[in-house]
Structures are given as C-alpha cells and as structure tokens.
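# Provided below for reference: sequence and predicted model.
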Amino acid sequence: MFDKRNRISATVAFCFGLAFSMNAFAAGCAECWDGCFADRRACRASGQPASVCSANFNACGNVCGCPIP
C-alpha cells in the first residue's frame, strides 16, 4: 500500500513538473513571436516591400525555434 502511494505521488510530481516546464517554454515562444510581429510591423511602416518584411519575419521565426502561433 505504501509503495503504491509513493508511485502515485511520484507520477503526480512528474506531471506537475512537465506541465510547468511546458508553460515556461510556451511563454518564451510567445515573447519571441511578439518581437517578430513587432519587427514586421516596423518594417512595413518604414516602407519596405512586403516580400522583404516577410522574409525577415520568417527568419526571425526560425530563430525562435517555435511553431507559428
């Protein structure tokens, strides 16, 4: 009985830790993409062609290493 309770506690702790780390990763991705979107808006506002701004945006997103939101 005691061993089963330890396994359940360990499983719950693992799941909590996994969820916490995934949340931190997602927050980092959101900040990175927000920066990319801001750079793209600034690029377009400066009069650059859409193709240049899109290429810069894609390069920025690749640096983030996260899926497109």
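That came in fine, so what should we check first?

# which element follows the helix-or-strand element of the chain with minimal mean pLDDT toward the C-terminus?
Within the chain, no helix or strand scores below helix 2-45, which has a mean of 67 by mean pLDDT, DSSP states H and E. Sequence-wise, the next helix or strand downstream of helix 2-45 (DSSP states H and E) is helix 50-64.

# Could I get the average pLDDT for that next one?
This predicted structure assigns helix 50-64 an average pLDDT of 93.

# can I assume residue 64 is in contact with residue 36?
Yes - the pair residue 64 / residue 36 is scored as a contact, 6.7 Å apart, by CB atoms under 8 Å. In short, each C-beta sits where N, CA and C put it, glycine included.

# Between the two, which has more neighbouring residues?
Taking other CB atoms under 10 Å, residue 64 and residue 36 do not tie; residue 36 has more neighbours (21 against 17).

# which ones are touching the more buried one?
Contacts for residue 36 (CB atoms under 8 Å, 6 or more residues apart in numbering) come out as 57, 60-61, 64.

# Looking at those residues, which two lie furthest apart in space?
Distance extremes for the contacts of residue 36: the farthest pair is 57 and 64 at 10.7 Å, using CB to CB.

# Tell me how many other residues crowd residue 40.
Look at residue 40: counted by other CB under 10 Å, it has 19 neighbours.
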